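Participant: Here's a sequence, model it:
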Amino acid sequence: MSWDIDVREKVYQRLANEIFFRILHGEYVTGAKLPSYIKIAKEAGSSPETVRKAIRVLQEHGVIEKTRWGYFVSLDEEVIIAYRQEYLAVVEKEYLNAKEKVDANL
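Facilitator: Prediction:
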């Protein structure tokens with residue numbers, strides 16, 4: 001059996017997930033302006049650069065929109081729901097892969 005040591009999830013992706021969870025739980029509501037990079041970085045214990053990368057991930061998926069006044073949570077709830085489904089599909093795939101490894105010798 002080959003080694004399966006893979007550190008795919010980067011810190012900025014984990015932070016993007018946490019920001020997204022805050023959107024889902026209503027801490028950052030649709031249409032709301034996000035706090036500054038500095039404020040999020042201080043709260044999360046990360047660097048502003050990591051926050052910038054995290055927000056860029058969410059922006060690429062349409063969850064966050066950039067305006068000249070800052071970054072805002074998308075008003076398009078369908079985009080947020082679609083990203084949620086995408087996230088859940090990835091988690092489910094990782095779960096099934098892990099389950100397969102655990103069940104292999106049973």
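Participant: Would you mind pulling up the elements that whichever helix in the chain runs longest packs against?
Facilitator: When the chain is parsed with DSSP state H, its longest helix is helix 77-103. Applying 3 or more Cβ pairs under 8 Å, 6 or more residues apart in numbering; DSSP states H and E, one finds that helix 77-103 contacts helix 11-24. Using the backbone N, CA and C atoms, a C-beta is placed for each residue, glycine as well.
Participant: Which strands or helices does the helix it packs on pack on?
Facilitator: Using 3+ Cβ pairs under 8 Å, 6+ apart, the elements in contact with helix 11-24 are helix 37-44, helix 48-60, helix 77-103.
Participant: at 7 Å what do you get?
Facilitator: In terms of contact count using 3 or more Cβ pairs under 7 Å, 6 or more residues apart in numbering; DSSP states H and E, helix 11-24 is assigned the packing partners helix 48-60, helix 77-103.
Participant: Could you tell me the average pLDDT over it, please?
Facilitator: Average pLDDT, helix 11-24: 94.
Participant: do stretch 44-54 as well
Facilitator: Mean predicted lDDT for stretch 44-54 stands at 95.
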